[in-house]
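A.B. asks: Quick one, fold the following:
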Amino acid sequence: MTGTRRSDRRPADGSPVARVCVDVPLPHLDRLFDYLVPAALADDAVPGCRVKVRFAGQLVGGWLLERVDASTFQGRLEYLEKVVSPVPVLAPEVARLARAVADRYAGSLADV
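C.D. replies: Now for the predicted structure:
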């Protein structure tokens, strides 16, 4: 498990924004949320890995689905709190299939 102290955080140099599927059961939150990748976690935060993020004041699990250079979110982005494991456990093909199943059967990506 890898984490960073809040005082040591600065964004990663390359692709500093992570798009995360947060593991919450509420259907209106079934979308990707953008988080900053701390420089200390840049090598471990790879697409498909499990992460921990702050969501509504709580530490919750999620899956990092992709890293991008910028976010379209206009507010202040929070940082990833922890990379649970740097090993990708969710392949892009499986994530796309899970999204299609969730959309078809009115479920959420996190549930599928």
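
A.B. asks: Nearest residue to the middle of this protein?
C.D. replies: Central residue of the chain (CA atoms, centre = their mean): Val20, 2.3 Å from the mean position.

A.B. asks: okay, now the closest residue to it other than its chain neighbours: neighbour count?
C.D. replies: Nearest non-adjacent residue to Val20, counting by CB to CB, 6 or more residues apart in numbering: Gly62, 4.5 Å away. Backbone N, C-alpha and C define where each C-beta goes, glycine included. Neighbour count of Gly62, defined by other CB atoms under 10 Å: 23.

A.B. asks: ok, now Ala98?
C.D. replies: Using other CB under 10 Å, the number of residues around Ala98 comes to 19.

A.B. asks: now the residue lying closest to it once chain neighbours are set aside: how far from Tyr35?
C.D. replies: Distance criterion CB to CB, 6+ apart; nearest residue to Ala98, sequence neighbours excluded, is Val112 at 4.3 Å. Going from Val112 to Tyr35 by CB to CB, to the nearest Å gives 22 Å.

A.B. asks: okay, those two: which has more neighbours?
C.D. replies: Between Val112 and Tyr35, Tyr35 has the larger neighbour count (other CB under 10 Å), namely 26 against 17.

A.B. asks: pretty sure that one is touching Val17, no?
C.D. replies: Yes: Tyr35 is within contact range of Val17, at 7.3 Å (criterion: CB atoms under 8 Å).

A.B. asks: Please enumerate the shared neighbours of those two.
C.D. replies: Leu77 (CB atoms under 8 Å, 6 or more residues apart in numbering).

A.B. asks: Read off the pLDDT value for Gly107.
C.D. replies: pLDDT for Gly107: 88.
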